[in-house]
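Trainee: got a predicted model here, sequence first, then my questions.
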Amino acid sequence: MTVLNQDQIDAYWRDGFAFVENAVTGEQLQALIADFDGWVEESRQHTEPYGETLASRPRFDIAPEHTAETPRLRRVASPLEVSDAYLDAMRNNRALDAVAQLIGPNVSFNNAKINAKQPGASTEVKYHQDFMFQPHSNEDLITVLFFLDDVTLENGPLNVVPGTHRSPLFDHWHEGVYTGTVSKQVEDAHVDRAIPVTGPAGSAVLMHTRLLHGSAPNHSDHPRTLLINEYRAEDSKPLQENHIPSIYQGEVVRGVATNMVRCSSYEMEFPEVPTGASFFSQQAKTDEVVATS
């Protein structure tokens, strides 16, 4: 199915991202929201991250200010294993057809998560490049962020720095610590060019794996919930264990399996596989590094 026109395809390769309206159907959106709302209610019963993934780490991550009265569920790792709605949305959506236009025709699923910012939550995502969490034989990976809520300027939208997917890979290790974020110097050099990506619930943004991006806390009265599915060209093979493992990783979701591997030339220091509930614990180390440096 053709989703992107040539101008949109050219803009993706120039800027590193593309926007897709109506990426999921109305029925899919309601099913995704219903399951997530159920997990938020469930989180009221917990005071620390809980559940279990294939990596024997918690599936549900809660923010430090989480309470039963004001739940702050901020991450669900690989929701596909516990929700038919999320599994269906991974396999069947218009954004995936756009991914196939860009890096297909053969596309595999890599991993999935939900990143959520409840109203007033302190959760932020420090600037980083996704590829620095997951080395592959080539860089044809696309992160698709599905908006489960209307994303506005006030509720902590994704901020991207156009063109940085064509820049060098920036270090995410600092003072011997893997922080999962770029240095303050790199952020300061690029943040003035960052632009917010907003849009209605049901839409999605496709983001190149090397694109520099981050997001601020939610200062509004409305939630900002993203389903984040990552896809890779079928001939892009992982060089390290998946940091969000799934029983569905590697499933060919468009095209066919070729048994081929394609390699590009780059250098990076191997990332640290997280041991906590999510990469938020890794990014929290940034303040520790700054305090001791």
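Mentor: Right, received. Where do you want to start?
Trainee: helices along the stretch 1-150 of the chain, start to end?
Mentor: Under the criterion DSSP state H, counting those that start in this stretch, the stretch 1-150 of the chain contains helices at 6-15, 26-43, 84-91, 94-103.
Trainee: for S215, see how far away the residue most central in space within the chain is.
Mentor: Closest to where the C-alpha atoms of the chain average out (CA atoms, centre = their mean) is I228, at 4.5 Å. Using CB to CB, to the nearest Å, one gets 12 Å for the distance from I228 to S215. Heads up, the C-betas are built off the backbone N, CA and C, glycines and all.
Trainee: hang on, the earlier thing: can you list the helices of the stretch 1-150 of the chain in TSV and add distance to S137, mean pLDDT and mean neighbour count?
Mentor: As requested, the helices of the stretch 1-150 of the chain are exported to TSV (distance: least, CB to CB, whole Å; pLDDT from 0 to 100; neighbours: other CB atoms under 10 Å):
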stretch	distance to S137	mean pLDDT	mean neighbour count
helix 6-15	20	98	14
helix 26-43	32	98	16
helix 84-91	22	98	19
helix 94-103	13	98	23
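Trainee: which residues in the protein form strands?
Mentor: 17-20, 60-62, 73-77, 107-117, 125-128, 141-147, 158-160, 173-174, 177-178, 195-197, 204-208, 213-215, 224-233, 252-254 (DSSP state E).
Trainee: please name the residues that touch N155.
Mentor: Taking CB atoms under 8 Å, 6 or more residues apart in numbering, we find N155 in contact with 117, 119, 149, 218-220, 222-224.
Trainee: now, the most widely separated pair of those?
Mentor: Taking CB to CB, the two most distant members of the contacts of N155 are D149 and H219; they sit 14.6 Å apart.
Trainee: quick one, which of those two is more surrounded?
Mentor: Taking other CB atoms under 10 Å, D149 and H219 do not tie; D149 has more neighbours (19 against 13).
Trainee: my guess is that one contacts P223. True?
Mentor: Yes - with contact defined as CB atoms under 8 Å, D149 reaches P223; the gap is 5.2 Å.
Trainee: just to revisit the earlier point, beta partners for the residue nearest to the centre of the chain?
Mentor: For I228, the beta-bridge partners are K113, L145 (DSSP bridges).
Trainee: ok, now A233?
Mentor: Bridge pairing for A233 - DSSP bridges - gives V107.
Trainee: poorly predicted segments of the stretch 151-293 of the chain, please.
Mentor: Residue ranges of the stretch 151-293 of the chain with pLDDT under 70: 277-293.
Trainee: before we move on, back to that, mind listing what the residue nearest to the centre of the chain touches?
Mentor: I228 is in contact with 112-115, 143-146, counting by CB under 8 Å, 6+ apart.
Trainee: is it possible to get JSON lines of the residues you listed that adds distance to G26, pLDDT and neighbour count?
Mentor: Below are the contacts of I228 laid out as JSON lines (distance: CB to CB, whole Å; pLDDT from 0 to 100; neighbours: other CB atoms under 10 Å):
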{"residue": "A112", "distance to G26": "21", "pLDDT": "98", "neighbour count": "25"}
{"residue": "K113", "distance to G26": "23", "pLDDT": "97", "neighbour count": "23"}
{"residue": "I114", "distance to G26": "19", "pLDDT": "98", "neighbour count": "25"}
{"residue": "N115", "distance to G26": "22", "pLDDT": "96", "neighbour count": "22"}
{"residue": "T143", "distance to G26": "24", "pLDDT": "98", "neighbour count": "22"}
{"residue": "V144", "distance to G26": "18", "pLDDT": "98", "neighbour count": "24"}
{"residue": "L145", "distance to G26": "19", "pLDDT": "98", "neighbour count": "23"}
{"residue": "F146", "distance to G26": "13", "pLDDT": "98", "neighbour count": "26"}
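Trainee: closest one of those to E21?
Mentor: F146 (11.7 Å).
Trainee: ok, the residue nearest to that closest one when sequence neighbours are not counted - contacts?
Mentor: Spatial nearest neighbour of F146, excluding adjacent residues (CB to CB, 6 or more residues apart in numbering): L227 at 4.2 Å. By CB under 8 Å, 6+ apart, the contact set of L227 is 32, 79, 86, 89, 112, 114, 145-146, 148.
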